[in-house]
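J.: can you look at this prediction? I've put the sequence above it.
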Amino acid sequence: MSKPAVVFGGPSPEHDISILTGLQAARTLSDAGIDVHAIYWAKTGRWYAVDQQLEAAAFADGIPNRARELRFVAEPGEGFLLKKKPLDVSVVVNCCHGAPGEDGSLQAAFDLAGLRYTGPDAAGSNLGMDKLAFGAVMSAAGLKSIPRRLVTEDETTWAGLNPPYIVKPRFGGSSIGIEVVSDQATALDLLKTSPHMRRGAVVEPFLEGCRDYLIAVRTYPELQLSAIEAPVRDAGAAHIYNYAQKYLAGGGLEGSARELPANLPAEMEATIRRSATSAAGLVGVRSVARVDFLVRDREVWLNEINTIPGSLAAYLWIDPPVSRRQLLIDMIAEAERGTARSFSTTGADGTALRNAASIASKLG
């Protein structure tokens with residue numbers, strides 16, 4: 001019988017957080033009476049069918065006991081195979097954080113296999129992950145976003161920027177690998193030394209005294225925005241809301257200190273909501289996403305978007321109230337109502353091949 005598959009893990013620095021999100025989703029659906037495939041994407045890149053009732057500790061040392069190895073074939077009618085037989089999957093609930101599960105790589109593979117899935121398509125996923133391109137698109141659309149430049153040795157990169165700087169991996173999640181540096185040399189050195197910046201980095205101004213504000217958006221059964229969260233940093237914590245603050249302090253993302261809903265002036269809240277709606281449309285958000293802002297005094301900057309947020313941002317839905325169960329059921333319903341991507345060969349009728357001269361003549 002066809003049933004949804006919850007996919008989590010992956011060869012990403014956010015592997016562990018993805019496991020937590022995936023297990024939450026699989027357990028929630030199971031408790032709602034929905035039978036699901038729980039599919040673990042190991043750090044090695046291999047796939048495994050696992051028990052949906054497992055606890056997180058079962059994955060602490062790698063592949064859990066009694067896991068059944070799967071194969072993934074990116075061809076129509078294939079997808080996830082158990083002993084050469086395709087699993088009957090109605091829709092994939094993608095709970096993979098960070099590349100390659102969130103940057104469009106996995107989404108493109110699902111497209112080639114003809115699978116429907118939650119979250120944005122490959123193009124939207126890549127835009128959301130590419131901090132340089134995302135910032136440029138938001139600015140071009142007239143949204144006030146953090147000015148961001150590619151880290152290079154070219155002095156024009158740094159013109160108009162005053163230290164200290166924030167340096168981030170160009171491609172990566174919203175928290176991992178971010179550094180605050182005091183000079184250009186340190187920023188350039190990170191390109192060589194940081195494992196998170198091998199594909200490039202961006203630099204942006206460090207906005208002293210700013211505060212983070214987070215809001216979730218979902219697209220089904222209609223476009224909705226959640227309450228706004230203001231994370232509370234521990235005394236003596238880093239100057240930025242980093243990975244440790246977000247995922248490790250206070251027992252994890254849902255247990256960390258926060259002001260929810262945030263106490264904001266009406267006009268600032270309206271700005272955040274308006275900008276989040278615009279950003280979601282530009283990226284092509286589907287299912288649920290989280291949009292992050294920075295605020296200082298009464299200035300609001302759009303910072304980043306997380307197209308597959310930790311815990312699927314379920315804790316933010318207090319107004320309007322949406323349970324984790326309903327959030328997942330709606331995500332699945334939206335994906336099932338859609339169609340898997342198909343590709344066309346219209347126009348490739350062989351005419352160009354029949355009319356071509358010899359290949360040798362085209363090499364001159």
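T.: Received the coordinates, thanks.

J.: what about the strands in the stretch 201-350 of the chain?
T.: 201-205, 211-218, 224-231, 258-259, 288-296, 299-306 (DSSP state E, counting those that start in this stretch).

J.: reformat those as TSV; add mean neighbour count and mean pLDDT.
T.: (Glycine included, C-beta is placed from N, CA and C.) Supplementary listing: the strands of the stretch 201-350 of the chain in TSV, determined by neighbours: other C-beta atoms under 10 Å; pLDDT from 0 to 100:
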stretch	mean neighbour count	mean pLDDT
strand 201-205	22	95
strand 211-218	24	97
strand 224-231	21	97
strand 258-259	16	94
strand 288-296	24	97
strand 299-306	22	97
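
J.: out of the ones you listed, the one nearest residue 127 is which?
T.: For the strands of the stretch 201-350 of the chain, proximity to residue 127 was assessed by C-beta to C-beta; strand 299-306 is nearest, at 8.6 Å.

J.: how many degrees apart are the closest one and strand 201-205 in direction?
T.: Comparing the axes of strand 299-306 and strand 201-205 via axes from the mean of the first three to the mean of the last three C-alpha atoms, to 10 degrees yields an angle of 160 degrees.

J.: what's in contact with strand 299-306?
T.: When contacts are defined by C-beta atoms under 8 Å, 6 or more residues apart in numbering, strand 299-306 is touched by residues 128, 131, 134, 138, 143-146, 173-174, 207, 210, 212, 268, 271-272, 275, 279-280, 283, 285, 289-295, 313.

J.: let's go with 6 Å and repeat that
T.: Applying C-beta atoms under 6 Å, 6 or more residues apart in numbering, the set of residues contacting strand 299-306 from outside is 128, 138, 143-146, 174, 268, 271, 275, 279, 283, 289-294.

J.: from the middle of its chain, how far away would stretch 117-137 be?
T.: The chain centre lies 8 Å from the centre of stretch 117-137; the measure is C-alpha atoms, centre = their mean, to the nearest Å.

J.: now do stretch 158-177
T.: Distance of stretch 158-177 from the chain centroid (C-alpha atoms, centre = their mean) equals 18 Å.

J.: cool, stretch 297-310 as well?
T.: For stretch 297-310, the gap between its own C-alpha mean and the chain's C-alpha mean amounts to 13 Å (C-alpha atoms, centre = their mean).

J.: go on, stretch 153-173?
T.: Chain-centre distance of stretch 153-173: 22 Å, with C-alpha atoms, centre = their mean.

J.: which residues touch it?
T.: By C-beta under 6 Å, 6+ apart, stretch 153-173 touches 14, 97-99, 129-132, 149, 177-184, 187, 190, 196-197, 199-206.

J.: give me the number of residues near the closest residue to residue 73 other than its chain neighbours?
T.: The shortest distance from residue 73 to any non-neighbouring residue, by C-beta to C-beta, 6 or more residues apart in numbering, is to residue 81 (6.1 Å). Counted with other C-beta atoms under 10 Å, the burial measure for residue 81 works out to 15 neighbours.
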